[in-house]
Every structure is written in C-alpha cells, then in structure tokens.
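Enquirer: Next comes the sequence, and after it the predicted model I'd like to discuss.
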Amino acid sequence: MSIRDNVKRVQDCIAASCARVDRDPASITLVAVSKQKTVGQIIEAVDAGLRHFGENRVEEGVEKIPQVNASARGKITWHMVGHVQSRKAKQVAQRFDIVQSVDSLKLARRLSRFALESDRVLGAHLEINISGEASKYGLAGYNWYRDNSVKANLWRAVSEIVALPNIEVRGLMTMAPYGAEEKAIRRVFADLRDLRDELTGEKELPLPELSMGMTDDYQIAIEEGATMIRIGRALFGERV
Ligand SMILES: *Cc1c(COP(=O)(O)O)cnc(C)c1O
C-alpha cells in the first residue's frame, strides 16, 4: 500500500465515523505523525494532500522541518506531540507551529518566553492525563469532575497558561490507555470533551480543539467529539 492509498483509506474511515454521529468530515483535522519517517516519505504524504504533520522528538523535528518546508508547495503546519524537556523549549518555540504537549506551567512559561523572543505566536494544546497512568505526561486530569483538588489545580494552571504572551491556547489533547477495552477508551475521550466544555462554559475560554485519537482508536475519538486526530501507523505503516 502506498502512502497515497493509506491517506485515502484513512479519509474514508474519517468520513464513515463522522456519518455515524452526524458530523462534518471537514471539522476533523488529520495530523500525520511522521516520527521516524524520512523527509521523502513526508513529501509523499504532502503530495497526497496532507498539510499537518506531527513529530515527537525535538532534534528529529528540527532537522526535518526545514527540509520538508523547502520542498513542499504550500504551507505545512508542524505539531509537536511529544514531551518537551524545558531545555529544548527554545528550539520548539522557534521551529514548530503548535505544541500539543504543553504538560506543565513551567514548560508553558518557557515556550511563551522563547516565542516572544522569536516574535512568533505559538499555538498550544494543554495535554491532560485523563487515564491517570503513571507512564503518561500531562496535567493531572483523572477523575477531574469528582476530585475537587484535581479540578482546582487544573483551573489554576489553565488560567495562568492562557494569560501568557505569545502562546495561544486552542484546545486540549489526551492519549487513551494503550490496548484498553473500547469502553475505557471511550470514557477517556468523553472525559476530555466534558472538561473542554466545562472550561469553555465557566471560564469563557474558546478552546475549540480536542486532539484525541491515534491509529487504533481514532474512530472512537471522532464519535466522542475529536476535532484533531494524530495518525502515524495507518498512514506510514508500522514503525520499526
Ligand atoms: C506516535 C504518536 C501518535 C500516532 O500513533 P499511531 O498509533 O502511530 O497512530 C499520536 N500521538 C502521539 C502523541 C504520538 O506519540
């Protein structure tokens, strides 16, 4: 299967998921997660019509981004989707367009500072650890609707982050537990959507983006309200 065939197949699945819940496929942004993939493979995906790409390692992204941008016609939007160590915040703020993995106030402050220095406005999603797994990054969000201290901490972090200059918080991001049952995965996505709705309502924050869903679970994510899905393997094949 070529990358072009894969893009078509994923787009057909997105349309089918949208049809099940009466959503417009145009309301879903497909982010191709190109980690471990070559510039040539990324260009193939660009030629198949994709414009959003995600990387999870700073060095790898910083190396590939200028190369892809130089050979792609039209504007590519680059998403950082992996954990960013503080000391790498500067490179991220200079090279990426959207950081989906803003997982601490400290990181947000540094991204803001370096975006300001580079005279850029960086898009941001707050990564929320809804599943509560210790292996996952993100602001603590497990049981946020029942646990008042979790909710208070989240509300405080969000207020401070949205007030920072040169980063524009556009939404939330989460990852479902790997290999869990459909019911548990659906619950994680629904909890993120409810959190977004409550933040939007109580704080009057515009947080349109819900980034959730990967190769194994994006159809569930779309049914639960995802506006952005991050797909690697279904587009580029298995990673080695
Ligand atoms: C790798 C990765 C993805 C894509 O995963 P696939 O299972 O290959 O679709 C999505 N989001 C993040 C944060 C990732 O690291």
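Expert: Good, I have the coordinates.
Enquirer: Now do the same for the closest residue to V240 other than its chain neighbours: helix, strand or coil?
Expert: Counting by CB to CB, 6 or more residues apart in numbering, Q36 is the residue found nearest to V240 once chain neighbours are left out, at 7.5 Å. From N, CA and C alone the C-beta is placed, and that goes for glycine too. Judged by DSSP: H, G, I helix; E, B strand; the rest coil, the three-state class of Q36 is coil.
Enquirer: And for Q36, the neighbour number?
Expert: 14 (other CB atoms under 10 Å).
Enquirer: other SSEs contacting the helix or strand containing L111?
Expert: Using DSSP states H and E, L111 falls within helix 105-117. Here helix 105-117 touches helix 89-95, strand 98-102, strand 122-129, helix 148-162, strand 167-173, going by 3 or more CB pairs under 8 Å, 6 or more residues apart in numbering; DSSP states H and E.
Enquirer: Could you identify which of the ones you listed is most buried?
Expert: strand 98-102 (a mean of 27; mean count of other CB atoms under 10 Å).
Enquirer: Need the per-residue pLDDT for R196.
Expert: The score at R196 is 97. That number is its pLDDT.
Enquirer: which residues touch it?
Expert: By CB atoms under 8 Å, 6 or more residues apart in numbering, the residues touching R196 are G171, L172, L207, L210.
Enquirer: For the ligand, give me its nearest residue in the protein.
Expert: Closest residue of the chain to the ligand, CB to the nearest ligand atom: G232 (2.6 Å).
Enquirer: Setting the sequence-adjacent residues aside, check what's closest to that residue.
Expert: Closest residue to G232 in three dimensions, ignoring its sequence neighbours and counting by CB to CB, 6+ apart: V33, at 3.7 Å.
Enquirer: With E133 instead?
Expert: Computed as CB to CB, 6+ apart, the closest residue to E133 that is not its neighbour in sequence is P177, at 6.0 Å.
Enquirer: Distance check, the residue nearest to V240 against W78.
Expert: 16 Å (CB to CB, to the nearest Å).
Enquirer: Check V31 too.
Expert: V31 is 10 Å from W78, by CB to CB.
Enquirer: Find the residues that touch each one of those two.
Expert: Both V31 and W78 are in contact with F53, G54, where contact means CB under 8 Å, 6+ apart.
Enquirer: The residue of the chain closest to the ligand and K35 touch, don't they?
Expert: Yes: using CB atoms under 8 Å, G232 is in contact with K35, at 6.6 Å.
Enquirer: Which neighbours do the two have in common?
Expert: Any residue near both G232 and K35 by CB under 8 Å, 6+ apart counts here, and that gives G54, R239.
Enquirer: Could you check which of the two is surrounded by more residues?
Expert: Using other CB under 10 Å as the criterion, G232 and K35 rank with G232 on top: 21 against 17.
Enquirer: phi, psi of that one?
Expert: Torsion angles at G232 (phi, psi; degrees, to the nearest 10) stand at phi -110, psi -70.
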